[in-house]
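**Q** prediction below, plus the sequence it came from.
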Protein chains: 2
Amino acid sequence: MDKEYDKEVRAAVGKQIKALRLEKGLSQEEFAFQVGIDRTYVSFIERGVRSPRIPVIYRIAYVLGVSPGELLVEINKTPD
Amino acid sequence: MDKEYDKEVRAAVGKQIKALRLEKGLSQEEFAFQVGIDRTYVSFIERGVRSPRIPVIYRIAYVLGVSPGELLVEINKTPD
């Protein structure tokens, strides 16, 4: 049962990752290759359909040149 | 194939979660109940055996009263 809160979290993190990827001028292909994940997975993540495990978040942060924490943007919603 | 980097990430995040939980004076039982996860899962997370999905990281941060990003401590290692 996919909770509303979880969807909002995935959407917010996906949006942040996409924004930072575009800021770096990386295509989904290049980004996926550098992180070591599949391009379709990048698309799922950015659309908030999937949320990666923490180690993948760290790899994404490394490729984007930001701290891992910077990918976990705050959302003003309480867990349901 | 569990990479060294992934192990270090899980260990660092687990250690951070445990430290913040103890700081708040919560037992694993109380903490698990408040987050809505199983106590044994808390133990796996804190020992770096498992790493939670992002929505669970947000719920953990909410219970600990910190921002989600604060749980993803930096590690000085490059992804292998």
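**A** Happy to help now that I have it.
**Q** so where is chain A shaky, pLDDT-wise?
**A** Along chain A, the model assigns pLDDT under 70 to residues A:1-2.
**Q** nearest to chain B: which residue in chain A?
**A** Closest residue of chain A to chain B, C-beta to the nearest C-beta: A:Gly69 (2.9 Å). Bear in mind the C-beta positions are built from the backbone N, C-alpha and C, glycine included.
**Q** what does chain A put close to chain B?
**A** Contact residues (C-beta under 8 Å from any C-beta of the partner chain) of chain A with chain B: A:3, A:5-6, A:9-10, A:13, A:36, A:51-55, A:57-59, A:62, A:67-75, A:78-79.
**Q** quick revisit: surely the residue of chain A closest to chain B is in contact with B:Leu72?
**A** Yes: at 4.5 Å, A:Gly69 counts as touching B:Leu72 under the criterion of C-beta atoms under 8 Å.
**Q** more neighbours: which of the two?
**A** Higher neighbour count among A:Gly69 and B:Leu72: B:Leu72, with 25 against 17, using other C-beta atoms under 10 Å in any protein chain shown.
**Q** for the more buried one, what are its contacts?
**A** With contacts defined as C-beta atoms under 8 Å, 6 or more residues apart in numbering or on different chains, the neighbours of B:Leu72 are A:Ile54, A:Ile57, A:Tyr58, A:Ser67, A:Pro68, A:Gly69, A:Leu71, A:Leu72, B:Val13, B:Ile57.
**Q** tell me the one of these nearest A:Lys18?
**A** Closest to A:Lys18 out of the contacts of B:Leu72 is A:Leu71 (10.9 Å), distances taken as C-beta to C-beta.
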